[in-house]
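Engineer: The sequence and its predicted three-dimensional model are supplied below.
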Amino acid sequence: MMNCRDATSLMSEAQERPLSIAERVSLKLHVIMCSGCQNFKNQMGTLRLMTRAYAKGEASTLICKDNIEPMDKSS
Ligand SMILES: [Zn+2]
């Protein structure tokens with residue numbers, strides 16, 4: 001049974017290289033039983049979606065320009 005440190009480091013490595021079957025199985029088993037690593041996995045998924053959106057030039061849909069500009073004080 002792998003510990004949380006092994007599990008999170010495997011999840012990071014999975015972004016850079018394909019995991020072996022044994023690694024995938026033991027990671028999956030750990031995540032099923034560990035709520036902390038489930039959260040980590042979900043957060044990593046969100047982060048990856050955001051990174052992908054940036055890479056595709058869709059950042060403007062995530063960060064609205066109007067929210068950054070100062071409010072119009074003339075009115
Ligand atoms: Zn864990």
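Structural biologist: Received the coordinates, thanks. Numbers count the residues shown, from 1 in each chain.
Engineer: So for the helix or strand containing Gln38, what gets flagged as buried?
Structural biologist: Using DSSP states H and E, Gln38 sits in helix 35-55. Residues of helix 35-55 classed as buried: 37, 40-41 (neighbour count, 16 or more other C-beta atoms under 10 Å). In short, each C-beta sits where N, CA and C put it, glycine included.
Engineer: try stretch 14-33
Structural biologist: Across stretch 14-33, burial judged by 16+ other C-beta under 10 Å covers 23, 26-27, 30-31.
Engineer: can you list the residues of the protein near the ion?
Structural biologist: When proximity is defined as C-beta under 5 Å from the ion, the chain approaches the ion at 4, 7, 34, 36-37.
Engineer: Can you list the helices and strands that the helix or strand harbouring Ile32 packs against?
Structural biologist: In this structure, Ile32 sits in helix 21-33 according to DSSP H and E. Contacting helix 21-33 under the criterion 3 or more C-beta pairs under 8 Å, 6 or more residues apart in numbering; DSSP states H and E are the following elements: helix 4-13, helix 35-55.
Engineer: Which strands or helices does the longest one pack on?
Structural biologist: Contacts defined by 3+ C-beta pairs under 8 Å, 6+ apart place helix 35-55 against helix 4-13, helix 21-33, helix 59-62.
Engineer: lowest-confidence stretch among these?
Structural biologist: Taking each of the helices and strands packed on helix 35-55 in turn, the lowest mean pLDDT turns up on helix 59-62, with a mean of 59.
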